Every structure is written in C-alpha cells, then in structure tokens.
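1. Whatever this is, show me its structure:
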Amino acid sequence: MDGAAGPGATAEERLSVLTLCEGAVRRLDRVTVSTVASLDRDGAFAEGRSGWGTCT
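-> As a prediction, this is how the structure comes out:
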C-alpha cells in the first residue's frame, strides 16, 4: 500500500488508498463505539470499581 500512496503513484492510485483507509477508519470507529458501549453496559466505568471509573 505504501507504493500506491507514495509520490510515484498516480492520482487514481492515491485516491484508491484514501478510499480504503477511510473505510478502515469507519470500521474501527464502529468497533470502538461498540466496545465502549458494551463496557459501559457491564458497569466497567462505574464509580467505586477498580479501573477507569476510579479516575475522578
């Protein structure tokens, strides 16, 4: 992918890499939101529990 994104790549190749990366970022964002929501439902961020919730 570095070659397709580098200075020697065509504009079309760089746009393809950009499109691929944008899709990957969206998928990662969805996984992150889903994971945080699941942890929140499980009470992982509640006060009094060891972990993130105690950082107040």
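2. how much space between residue 18 and residue 43?
-> According to Cβ to Cβ, to the nearest Å, residue 18 stands 40 Å off from residue 43. Yep, even glycine has a C-beta here, placed from its N, CA and C like the rest.
3. in the longest helix seen in the chain, what's buried?
-> Assignment by DSSP state H gives helix 11-41 as the longest helix of the chain. The neighbour-count check on helix 11-41 (16 or more other Cβ atoms under 10 Å) flags residue 17 as buried.
4. which residue is nearest the centroid of the protein?
-> Nearest residue to the geometric centre of the chain (Cα atoms, centre = their mean): residue 28, 3.3 Å.
5. Find me the pLDDT at that one, would you?
-> Looking at residue 28, its pLDDT reads 98.
6. where's it relative to residue 35, distance?
-> Counting by Cβ to Cβ, the gap from residue 28 to residue 35 is 10 Å.
7. buried ones in the worst-scoring helix or strand of the chain on mean pLDDT?
-> Lowest by mean pLDDT, DSSP states H and E among the helices and strands of the chain is helix 2-5, with a mean of 79. Across helix 2-5, burial judged by 16+ other Cβ under 10 Å covers no residue at all.
8. So which residues make contact with it?
-> Applying Cβ atoms under 8 Å, 6 or more residues apart in numbering, the contact partners of helix 2-5 are 9, 13-14, 16-17.
9. nearest to residue 1, of those residues?
-> residue 17 (6.0 Å; Cβ to Cβ).
10. Residue 48: neighbouring residues, count only.
-> 7 (other Cβ atoms under 10 Å).
11. what does residue 9 give?
-> Neighbours of residue 9 using other Cβ under 10 Å come to 16.
12. can you tell me how far the residue lying closest to it once chain neighbours are set aside sits from residue 13?
-> Nearest residue to residue 9 in three dimensions, chain neighbours excluded: residue 3, at 6.7 Å (Cβ to Cβ, 6 or more residues apart in numbering). Per Cβ to Cβ, residue 3 is found 8 Å from residue 13.
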